[in-house]
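Asks: Have a look at this prediction, sequence included:
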Amino acid sequence: MTKRALTGIKPTGEPHLGNWLGAIQPALELARDYETFYFIADYHALTSVHSAEDLRRYVRDITATYLAFGLDPKNSFFYRQSDIPEIFELAWILSCFTPKGFMNRAHAYKDAVAKNEAAGKDSDDGINMGLFGYPVLMAADILMFNADVVPVGADQKQHVEFARDIAERFNHNYGKVFFHLPEPRISATVKTVVGLDGRKMSKSYDNTIPLFLEEKALQKRINQVVTNSQAPEEPKDPGQSHIFALHALLLNAEEDKALRERYLAGGMGWGMAKKLFFESLNEQLRGPRSEYNRLIADASYLDSILAQGKDRARAVAVPFLDELRAAIGIR
Ligand code: TRP
């Protein structure tokens, strides 16, 4: 049987270069070898996005973005988490098999507590139960569809391990393998994408390169990448340049070598280095950008794709949840 890969995308902001190279591209590549499940984790986003307008916009953006980069909704399951009520019922069931101590130890929760304590606030200040219980809902996302592998960023590895552990407890208690044990898949090839300031590209640092800016705005954004003050004629160390780090993500080995040599030879100023990066990126984004613009203007088409995804995903989830209910004595 073909193995299943599943990943969730949290709609919390405008899609940027880091999302594309770090998440979208590697996720879409899995469709060659796996039966793939991609979903928009809108109820996970609700732990932090509390504006209805923003949430609606982010969901539409993400839907159009995945399609623009080539997700084929006929070949993959592509759905919105909130369209599958079975996931939320399963989350409750799983929560009854989850030691509370797990949640206390979850990285996201612990980080939030540590921040509060460092700021001299109450340790649970601003922390809602959605954030606290986040890993249980994520376990339900994964186990509902019996995913074998879960491609995620390194920060999400622990959540997948929780899902495994919860699955084992459930299987063990009812004496049958209802759930496959999912494995986290942290892509080794994808390097961290640096942002304008050289830190990891992230919305929370406000250092992103959004994917679908118009050309002029994209160029302007790229001009904001931080460089040192070396003069144009000076040789430049590619290993120390954020522009090079970004540009290299788009190049094959041969192109990488050629660009490295240009940096080292001297005679190329930062303005030129930025221009070259802009040209490469713009070239690669041209197709997806026009597709995105077409899709984002067609809300009814996006809705129809998500409606089909809902039907396909529920055709899997509904009978499986029935089986689980019978097993636990609820039916
Ligand atoms: N927590 C993930 C993130 O922040 C998103 C997510 C939700 C997810 N449910 C999932 C990822 C299930 C993989 C599997 O990026």
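Replies: That came through, no problem.
Asks: So which residues of the stretch 201-331 of the chain form helices?
Replies: 215-222, 242-248, 253-265, 270-296, 299-328 (DSSP state H, counting those that start in this stretch).
Asks: so what does the fourth one touch, helix or strand wise?
Replies: Counting by 3 or more Cβ pairs under 8 Å, 6 or more residues apart in numbering; DSSP states H and E, the packing neighbours recorded for helix 270-296 are helix 52-68, helix 215-222, helix 242-248, helix 299-328. (C-beta placed from N, C-alpha, C; glycine too.)
Asks: just to revisit the earlier point, can I get the helices of the stretch 201-331 of the chain in JSON lines including mean pLDDT?
Replies: JSON lines is the format used below for the helices of the stretch 201-331 of the chain (pLDDT from 0 to 100):
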{"stretch": "helix 215-222", "mean pLDDT": "98"}
{"stretch": "helix 242-248", "mean pLDDT": "96"}
{"stretch": "helix 253-265", "mean pLDDT": "97"}
{"stretch": "helix 270-296", "mean pLDDT": "98"}
{"stretch": "helix 299-328", "mean pLDDT": "98"}
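Asks: Can you tell me which of these is nearest to residue 11?
Replies: Closest to residue 11 of those is helix 299-328 (Cβ to Cβ; 12.3 Å).
Asks: quick check, that closest one touching the ligand?
Replies: No. Using Cβ under 6 Å from any ligand atom, helix 299-328 stays clear of the ligand, coming no nearer than 13.2 Å.
Asks: Give me the helices and strands touching that helix, please.
Replies: Helices and strands touching helix 299-328, by 3+ Cβ pairs under 8 Å, 6+ apart, are strand 35-40, helix 52-68, strand 77-80, helix 85-95, helix 129-144, helix 270-296.
Asks: Put together a markdown table for these, with distance to residue 321 and mean neighbour count on each row.
Replies: As requested, the helices and strands packed on helix 299-328 are arranged in a markdown table below (distance: least, Cβ to Cβ, whole Å; neighbours: other Cβ atoms under 10 Å):
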| stretch | distance to residue 321 | mean neighbour count |
| --- | --- | --- |
| strand 35-40 | 16 | 23 |
| helix 52-68 | 24 | 19 |
| strand 77-80 | 15 | 23 |
| helix 85-95 | 4 | 18 |
| helix 129-144 | 8 | 22 |
| helix 270-296 | 32 | 16 |
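Asks: and the ligand, which of the ones you listed is closest to it?
Replies: Closest to the ligand of the helices and strands packed on helix 299-328, according to Cβ to the nearest ligand atom: helix 129-144, at 4.0 Å.
Asks: could you say what helices and strands the closest one packs with?
Replies: Where contact means 3+ Cβ pairs under 8 Å, 6+ apart, helix 129-144 is packed against strand 4-9, helix 42-45, helix 85-95, helix 100-105, helix 107-118, helix 157-174, helix 299-328.
Asks: Helix or strand next in line after that helix, which one?
Replies: Later in the chain than helix 129-144, the nearest helix or strand by DSSP states H and E is strand 149-151.
Asks: hang on, the earlier thing: how about a markdown table for the helices of the stretch 201-331 of the chain, with distance to residue 38 added?
Replies: Shown next, in a markdown table, are those (distance: least, Cβ to Cβ, whole Å):
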| stretch | distance to residue 38 |
| --- | --- |
| helix 215-222 | 26 |
| helix 242-248 | 26 |
| helix 253-265 | 29 |
| helix 270-296 | 16 |
| helix 299-328 | 9 |
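Asks: Please identify which of the ones you listed is closest to residue 105.
Replies: Closest approach to residue 105 among the helices of the stretch 201-331 of the chain (Cβ to Cβ): helix 299-328, 26.0 Å.
Asks: hmm, back to that, check the helices and strands packed on helix 270-296 for me and report the most buried one.
Replies: Among those, helix 242-248 has the highest mean neighbour count (mean count of other Cβ atoms under 10 Å), at a mean of 21.
Asks: how near is the residue lying closest to residue 8 once chain neighbours are set aside to residue 82?
Replies: Of all residues not flanking residue 8 in the chain, residue 41 sits nearest, at 3.9 Å (Cβ to Cβ, 6 or more residues apart in numbering). In this view, residue 41 and residue 82 are 9 Å apart by Cβ to Cβ, to the nearest Å.
Asks: what's the answer for residue 298, then?
Replies: Residue 298 is 21 Å from residue 82, by Cβ to Cβ.
Asks: more neighbours, the two?
Replies: With neighbours defined as other Cβ atoms under 10 Å, residue 298 and residue 82 compare such that residue 82 has more, 18 against 12.
Asks: shouldn't the more buried one be in contact with residue 42?
Replies: Yes. Under the criterion of Cβ atoms under 8 Å, residue 82 makes contact with residue 42 at 4.9 Å.
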